[in-house]
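>>> Just a sequence and a predicted model for now, questions to come.
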Amino acid sequence: MEIGIINSLRPDRLQAIFKPVCEFGFKTCQLVGWDASLWTDEIAARVIEQSGSAGVRVCAVWAGYSGHVEWDFVNGPVTAGLVPREYRAGRIAELKKGADFAARIGAPAIITHCGFIPENMTDPLYDEVVDAIAEIARYCEGLGVGFWFETGQETPVVLLRTIERVGTGNLGLNLDPANLIMYGKGNPIDALDVFGSYVRNVHVKDGMPPTNGEQLGAEVQVGQGRVRFPEFIQRLKEVGFDGELIIEREISEGPRQNRDIRQTAEDLRRWLNA
């Protein structure tokens, strides 16, 4: 398992896209983009040139989308991912554009949050969302690109069921263990018994369960939440995972964020060698 980091594709970073990755001494990253206007041939060429000169590999493109999104239990189900009808067509188009970009730069897959996929299979939205995912998955498949779901808003069995329903061979998971806990959707160690064979990348993030019915649980420094990382790493080994461990620390305070990322990398190396 190789340790890497989240790295944002932003207009202010185009002259040194991989500088943050190099500053931490990592050699791989997920390249995150929420602005589809940046997924151009010109910027793809910059990514290829700069990743080569920096010696940094893009292990996946995390593809965001436009439109209003809220990360909570109140408005999240009607704003996130491919579930809300008002945003769905535009987001399908944007995710296809993200897949084009991933193919241009040689990244193996795109990743996204598909939203609060209904657990009730008789909900009319369920088949609609499965059809939308299938459309994107088939498009990605034609490009030789994977389509991976980041865990969070769905229970493990809903993700497994959706992968089985879509049925293309390029589907996988970006397992964010903290999200399963913060959304109250599952235990990441047990979840590996459900969907372990589909895990392609892992976000190294920690969190706490929700303490009320409207807001997610809190994200915390790795090792201080409920993921139980030493056990989690051991279980990843047992299910045969050998992909990237991508550190994600979702706080805006620069010095503290940098300090926490370095500490997480040190802890990960110790847990991996245990």
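Thanks, I have the structure now.
>>> what distance separates stretch 175-190 from the centre of its chain?
Relative to the chain's own centre, stretch 175-190 is displaced by 13 Å; criterion: CA atoms, centre = their mean, to the nearest Å.
>>> Can you get me the start-to-end distance on that stretch?
End-to-end distance for stretch 175-190, by CA to CA, to the nearest Å: 12 Å.
>>> residues in contact with it?
Residues from elsewhere that reach stretch 175-190 (CB atoms under 8 Å, 6 or more residues apart in numbering): 150-156, 191-192, 199, 201-203, 205-210, 216-219, 225-228, 231-232, 235, 248. Yep, even glycine has a C-beta here, placed from its N, CA and C like the rest.
>>> Can you flag the buried ones in the residues you listed?
Those of these that meet the buried threshold are 150-156, 191-192, 199, 201-203, 205-208, 210, 216-217, 219, 225-228, 232, 235, 248, by 16 or more other CB atoms under 10 Å.
>>> Which ones among the contacts of stretch 175-190 lie within helices?
Among the contacts of stretch 175-190, the members found in helices (DSSP state H) are 156, 191, 192, 231, 232, 235.
>>> which of the residues you listed sit farthest apart?
Put simply, by CB to CB the two of the ones in helices among the contacts of stretch 175-190 set farthest apart are 156 and 231, 16.7 Å from each other.
>>> who's the most centrally placed residue in the chain bridged to?
Central residue of the chain (CA atoms, centre = their mean): residue 150, 4.0 Å from the mean position. Beta bridges link residue 150 to residue 174, judged by DSSP bridges.
>>> Quick check: it vs residue 110, distance?
11 Å (CB to CB, to the nearest Å).
>>> what touches both of these two?
In terms of CB under 8 Å, 6+ apart, residue 150 and residue 110 are both contacted by the residues residue 62.
>>> ok, back up a step: contacting residues around the residue nearest to the centre of the chain?
Contact partners of residue 150, counting by CB under 8 Å, 6+ apart, are 62, 111, 112, 113, 173, 174, 176, 179, 203.
>>> Residue 104 against residue 40, yeah?
No: counting by CB atoms under 8 Å, residue 104 does not reach residue 40; the two are 9.2 Å apart.
>>> Please identify which of these two sits among more neighbours.
A count of neighbours by other CB atoms under 10 Å puts residue 104 above the other of residue 104 and residue 40, at 18 against 14.
>>> Excluding chain neighbours, what is closest to that one?
Leaving aside its sequence neighbours, residue 104 sits nearest to residue 44 (CB to CB, 6 or more residues apart in numbering; 4.0 Å).
>>> What does the pLDDT read for the one you found?
At residue 44, the pLDDT value in this model is 98.
>>> separation between it and residue 38?
10 Å.
>>> Overlap in contacts, these two.
When contacts are counted by CB under 8 Å, 6+ apart, the set common to residue 44 and residue 38 is empty.
>>> Comparing these two, which residue is more hemmed in?
Higher neighbour count among residue 44 and residue 38: residue 44, with 19 against 16, using other CB under 10 Å.
>>> isn't residue 7 right up against residue 31?
Yes: Residue 7 is within contact range of residue 31, at 5.7 Å (criterion: CB under 8 Å).
>>> between those two, what contacts are shared?
residue 17.
>>> how about the strands in the stretch 51-200 of the chain?
For the stretch 51-200 of the chain, the strands defined by DSSP state E, counting those that start in this stretch cover 57-63, 109-112, 146-150, 171-175, 199-204.
>>> Columns mean pLDDT and distance to residue 98 on top of those strands, output as a markdown table?
Formatted as a markdown table, these follow (pLDDT from 0 to 100; distance: least, CB to CB, whole Å):
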| stretch | mean pLDDT | distance to residue 98 |
| --- | --- | --- |
| strand 57-63 | 98 | 3 |
| strand 109-112 | 98 | 5 |
| strand 146-150 | 98 | 10 |
| strand 171-175 | 98 | 14 |
| strand 199-204 | 98 | 15 |
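>>> Thanks a lot, catch you later.
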